[in-house]
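Student: Compute the structure for the input listed below.
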Amino acid sequence: MSEDLLHLFEIFDKNTGWFFDFLVITFSISIAILIGIYLYRFASGKSDLMGRKTEEPTQDNQVTLLQLESCRKKNEELEKKQVLLEQEVQELLDLLKEKEQELSKNAVNLMKAVQEVEILKQLYEELDAKYDDETYTMSQIMYTADEVAAAIANEERFKQNRDDIFMNLLDYLVNTLKNFRDKNPRVIIHVKHPNHPGKLTHYAHSSGHTHRVKIYEPPLYGSAAGRAWRTQEVYYAPDVEDQKYEYDRKEHSRKVYRSILCIPLKAGVEHPNIIGVLSITGTPANAFEKIEIERALLFASLIYPLIYIDLKQEGRLP
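Tutor: The predicted structure is shown next:
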């Protein structure tokens, strides 16, 4: 069977050889034409690489493409705006940083200004308080001067009210001392004892003392008042419990003070005439300041004439 088929093909090949050549040529030309068409369509975009036909843009597609193009342009614009906004934000941040630095400097300057204002306010209050204190002191000095002048002018009235007048005068002095309510100052005047040359005796005192104040007679040696009498100089013991100060430390003493200031009552400079000692006690240690000692000296000078006249009339001058 197979041999018959082969023999049939040999006969057909011999009689139809030209036909096969024609078919080969025709097939080759067709292939070439197809390849050319493929390349043309691919190049023109009518088909893809696989030879598939591409769709032609419809109206909807064109609209979509236009929208995409518009979105692309808007996106580009937005990107540009974003860059500009980022630059503006950076500039604003830099400006904010500068403002913060300025505010920080201004805050420091403001704090300094506030501190200066507080200092000035405190200084003003101190000056105002000092002014009030000085004004009040002057009023007490004027009261003292008027009281002394009235006592000298009216001798009879003075003799009748001697203790009350001196109590008022010494209370004026107490009123000029700073924080006198806390210091609880008490004033007493001693003069030379008529019967004991080595002692002083009570002459007058401010309010606040008991009757026992008249009993104590400070010795000329060993007491703060005695030292002021001997030296004729101001003697201040800021703490009588300190053994270095000359002070009469009496047994069973009822003292309620730690400070004592003793001022000699005298007149003149080259040859002073001492007639007594004015003593002021204060409850706390270091009770008296320099200004208070100066005020006490002024009051001692103011009341000196009245004491001098009184002692002279009684024949008790040293």
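
Student: So, low pLDDT: which residues of the stretch 201-318 of the chain?
Tutor: 251-255, 269-271 (pLDDT under 70).

Student: At which residues are the strands of it located?
Tutor: With strands called from DSSP state E, counting those that start in this stretch, the stretch 201-318 of the chain shows them at 235-237, 259-267, 273-282.

Student: Save those strands as CSV, and put in mean neighbour count and distance to K159 too.
Tutor: Where C-beta positions appear, they are placed from N, C-alpha and C, glycine not excepted. What follows is those, written out as CSV (neighbours: other CB atoms under 10 Å; distance: least, CB to CB, whole Å):
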stretch, mean neighbour count, distance to K159
strand 235-237, 21, 32
strand 259-267, 22, 20
strand 273-282, 24, 18
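
Student: JSON lines for these, including distance to N154?
Tutor: Below are the strands of the stretch 201-318 of the chain laid out as JSON lines (distance: least, CB to CB, whole Å):
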{"stretch": "strand 235-237", "distance to N154": "35"}
{"stretch": "strand 259-267", "distance to N154": "22"}
{"stretch": "strand 273-282", "distance to N154": "22"}
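
Student: right, so of these, which gets closest to R316?
Tutor: strand 273-282 (8.7 Å; CB to CB).

Student: After the helix or strand encompassing L103, which helix or strand is next?
Tutor: When secondary structure is defined by DSSP states H and E, L103 falls within helix 59-153. Per DSSP H and E, the first helix or strand lying C-terminal to helix 59-153 is helix 155-160.

Student: for that following helix, packing partners?
Tutor: Counting contacts by 3 or more CB pairs under 8 Å, 6 or more residues apart in numbering; DSSP states H and E, helix 155-160 is packed against helix 59-153.

Student: average model confidence for the helix it packs on?
Tutor: The predicted model assigns helix 59-153 a mean pLDDT of 82.

Student: That one: how far from the chain's middle?
Tutor: Put simply, helix 59-153 sits 17 Å off its chain's centre (CA atoms, centre = their mean, to the nearest Å).

Student: Same question for stretch 190-203.
Tutor: Computed by CA atoms, centre = their mean, the chain-centroid distance of stretch 190-203 equals 57 Å.

Student: Pull the residues that contact it.
Tutor: Residues outside stretch 190-203 that contact it (CB atoms under 8 Å, 6 or more residues apart in numbering) are 166, 188-189, 213-221, 225-226, 229, 275-277, 279, 307, 311, 316, 318.

Student: Go again with 10 Å.
Tutor: Here stretch 190-203 makes contact (CB atoms under 10 Å, 6 or more residues apart in numbering) with 162, 166, 188-189, 204-205, 209, 213-223, 225-226, 228-229, 262, 265, 274-279, 307, 310-311, 314-318.

Student: State the distance from I293 to M138.
Tutor: Taking CB to CB, to the nearest Å as the measure, I293 falls 18 Å from M138.

Student: How about S70?
Tutor: Applying CB to CB, the value for S70 to M138 is 95 Å.

Student: can you check E86 too?
Tutor: To M138, E86 is 76 Å away according to CB to CB.

Student: Also L34?
Tutor: To M138, L34 is 133 Å away according to CB to CB.

Student: re the thing from before, which among the contacts of stretch 190-203 count as buried?
Tutor: 166, 188-189, 204-205, 209, 216-218, 220, 223, 225-226, 228-229, 262, 265, 274-279, 307, 310-311, 316 (16 or more other CB atoms under 10 Å).

Student: Take these and keep only those in helices.
Tutor: The helices, defined by DSSP state H, take in F166, A225, G226, A228, W229, I307, D310, L311 from the buried ones among the contacts of stretch 190-203.

Student: Let me know whether the third one touches L220 as I believe.
Tutor: This points to G226. Yes: with contact defined as CB atoms under 10 Å, G226 counts as touching L220 (4.0 Å).

Student: so the closest residue to E233 other than its chain neighbours bridges to which residues?
Tutor: With sequence-adjacent residues excluded and distances taken as CB to CB, 6 or more residues apart in numbering, E233 is closest to P264, at 6.9 Å. For P264, the residues forming beta bridges with it (DSSP bridges) are V277.

Student: For P264, give me its contacts.
Tutor: By CB under 10 Å, 6+ apart, P264 lies in contact with 225, 227-235, 272, 274-278, 297, 300.
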